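[1] this one's sequence-less:
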């Protein structure tokens, strides 16, 4: 279980070369910023790494992690998500949210009827989608995370209000 005060900023996509370099996938708006938020932690919080970026590589960034000196050590970390302490991250403008803060929020329609909860946030390149699952739903509902569809996000109250597009209710 991820630490509540940490935000996922990237992942290790695999090894790069033979000297223990890793290929990093950054989830930051400025990809190279992920190196500035260190140390970065594994999801379970048992390991942390400082990152030194070395070069741009296809599909991400090349970098060195503290304590990783061989290709085998780098290979063993493939797929590991990297988390930064929230207080090292920039605060966001009012209309932006960290995905981790949206997951688990209650979803209500504009009439106050509960639809379900946010299970995940996806981005396939055309903007964020909220995955919502609720009682009696056979499959998850995917809604675009836009102001028109999700006019209200209330983190303090732990809920989002959605204005369901025609045909989805």
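    Received it, and whenever you're ready, just let me know what you need. Not measured: the values here are computed from a predicted model. Numbers count the residues shown, from 1 in each chain.

[2] what's across from residue 109 in the sheet?
    Beta-bridge partners recorded for residue 109 (DSSP bridges): residue 162.

[3] starting at the chain centroid, how far to the helix-or-strand element of the chain with minimal mean pLDDT?
    Scoring the helices and strands of the chain by mean pLDDT, DSSP states H and E places helix 99-102 at the bottom, with a mean of 86. Its chain's C-alpha centre and that of helix 99-102 lie 8 Å apart, by Cα atoms, centre = their mean, to the nearest Å.

[4] any residues touching that helix, and which ones?
    Applying Cβ atoms under 8 Å, 6 or more residues apart in numbering, the external contacts of helix 99-102 come out as 2, 7, 8, 118, 121, 128, 130, 145, 153, 155, 160. Yep, even glycine has a C-beta here, placed from its N, CA and C like the rest.

[5] in a strand, that's where the third one is, yeah?
    By that I understand residue 8. Yes - Residue 8: assigned to a strand according to DSSP: H, G, I helix; E, B strand; the rest coil.

[6] distance of it from residue 34?
    In this view, residue 8 and residue 34 are 10 Å apart by Cβ to Cβ, to the nearest Å.

[7] do the fifth one as well
    Taken as Cβ to Cβ, the spacing of residue 121 relative to residue 34 amounts to 18 Å.

[8] hmm, back to that, buried subset of the contacts of helix 99-102?
    Using 16 or more other Cβ atoms under 10 Å as the burial test, the contacts of helix 99-102 include 2, 7, 8, 118, 121, 128, 130, 145, 153, 160 as buried.
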